[in-house]
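A.B. asks: sequence and predicted structure below; questions after.
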Amino acid sequence: MLLDLDIRKTLIAGKQSFSLDVRLKTDSQRIVILGPSGSGKSLTLKAIAGLLRPDAGHVRIDGHTLFDAAEGIDLPPQRRELAYVFQDYALFPHLTVRQNIAFPLSKGWFNPRRHQRRAQAEHWCEAFQLGQVADQYPHELSGGQKQRTALARALVTQPRALLLDEPFAALDPALRALMRTELKALQHRLQVPMVLITHDPEDAAVFGDHVVDLREGRIEAAPDWKRA
């Protein structure tokens, strides 16, 4: 994936203001944006996804323009073919694992039926070893099972890339280490490009093959994080 970002955005709240100025071009498959809370990581991810409109600049993936302020291009999130996995996973509490995974395949106002089987959903349910809990609800799942469900739901539509918001933050240390390894193996197997934001240098060290350091809204000069 060739990711070309030029994101400029100023946010004002009362007497406080924050300026985001992120310029990045990379062809890596696993990109990690590393930085402390308040550095602009989530704003950057939302701008890529189309959940935040920059004041200026552009967002391009593999030569496709998703946003260009000068050209007046701003594709809505559903047309960007990107999957966004929120930090808290944002699973629907009233839907089972199977229904959550199948949800993006539904058209209209109705949720997937509880015992309905969709081939795409069943494929990802089994791929993430969720068959035994497919009829359970989110509150009945472990942290790792919730994350797998969220990832399966994200992949069911075959997105151009995955956008991951602090995917390991809610997990205990042992499970965090396991899920890092699993996610890295998953990316190698599926070859789905990923952009991950995190405050944890260990996430970057294990997962990222291109890591950028974001501080106070800007990418700082840092040691060469590029990995094979």
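C.D. replies: Cool, the structure landed.
A.B. asks: check which helices and strands the lowest-mean-pLDDT helix or strand in the chain sits against.
C.D. replies: Of all helical and strand segments in the chain, the minimum by mean pLDDT, DSSP states H and E falls on helix 173-190, at a mean of 82. Helices and strands touching helix 173-190, by 3 or more Cβ pairs under 8 Å, 6 or more residues apart in numbering; DSSP states H and E, are helix 143-155, helix 201-207. Glycine gets a C-beta too; all of them are placed from N, C-alpha and C.
A.B. asks: how far off helix 173-190 does the first one point, in degrees?
C.D. replies: Inter-element angle recorded for helix 143-155 and helix 173-190: 30 degrees (by axes from the mean of the first three to the mean of the last three Cα atoms, to 10 degrees).
A.B. asks: contacts for helix 143-155, please.
C.D. replies: The contact list for helix 143-155, computed with Cβ atoms under 8 Å, 6 or more residues apart in numbering, reads 83-86, 89-91, 97, 100-101, 103-104, 121, 124-125, 127-130, 133, 138, 141, 162, 167, 170-172, 175, 178-179, 183, 186, 190, 192.
A.B. asks: for the buried ones among those, write the corresponding ChimeraX selection.
C.D. replies: Buried residues among those (16 or more other Cβ atoms under 10 Å), as a ChimeraX selection:
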select :83,84,85,86,89,91,97,100,101,103,104,121,124,125,127,128,130,133,138,141,162,167,171,175,179,183,186,192
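A.B. asks: now, the contacts of helix 143-155 that are in strands?
C.D. replies: Ala83, Tyr84, Val85, Leu162 (DSSP state E).
A.B. asks: hang on, the earlier thing: what would the helices and strands packed on helix 173-190 look like in JSON lines with mean pLDDT, distance to His58 and mean neighbour count?
C.D. replies: Output for these, formatted as JSON lines (pLDDT from 0 to 100; distance: least, Cβ to Cβ, whole Å; neighbours: other Cβ atoms under 10 Å):
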{"stretch": "helix 143-155", "mean pLDDT": "89", "distance to His58": "24", "mean neighbour count": "22"}
{"stretch": "helix 201-207", "mean pLDDT": "88", "distance to His58": "25", "mean neighbour count": "18"}
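A.B. asks: for Asn111, find the nearest of these.
C.D. replies: Closest to Asn111 of these is helix 143-155 (Cβ to Cβ; 12.8 Å).
A.B. asks: can I get that closest one as PDB, trimmed to CA atoms?
C.D. replies: Output in PDB follows, covering the C-alpha atoms of helix 143-155 (Å, rounded to 0.1, in the frame of the first residue of the first chain):
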ATOM      1  CA  GLY A 143     -11.000  -9.300  25.900                       C
ATOM      2  CA  GLY A 144      -9.300 -11.400  23.200                       C
ATOM      3  CA  GLN A 145     -12.600 -12.700  21.900                       C
ATOM      4  CA  LYS A 146     -14.000  -9.200  21.600                       C
ATOM      5  CA  GLN A 147     -10.900  -8.000  19.700                       C
ATOM      6  CA  ARG A 148     -11.200 -11.000  17.300                       C
ATOM      7  CA  THR A 149     -14.800 -10.300  16.700                       C
ATOM      8  CA  ALA A 150     -14.100  -6.700  15.900                       C
ATOM      9  CA  LEU A 151     -11.300  -7.600  13.500                       C
ATOM     10  CA  ALA A 152     -13.600 -10.200  11.800                       C
ATOM     11  CA  ARG A 153     -16.300  -7.600  11.400                       C
ATOM     12  CA  ALA A 154     -13.800  -5.200   9.900                       C
ATOM     13  CA  LEU A 155     -12.500  -7.800   7.400                       C
END
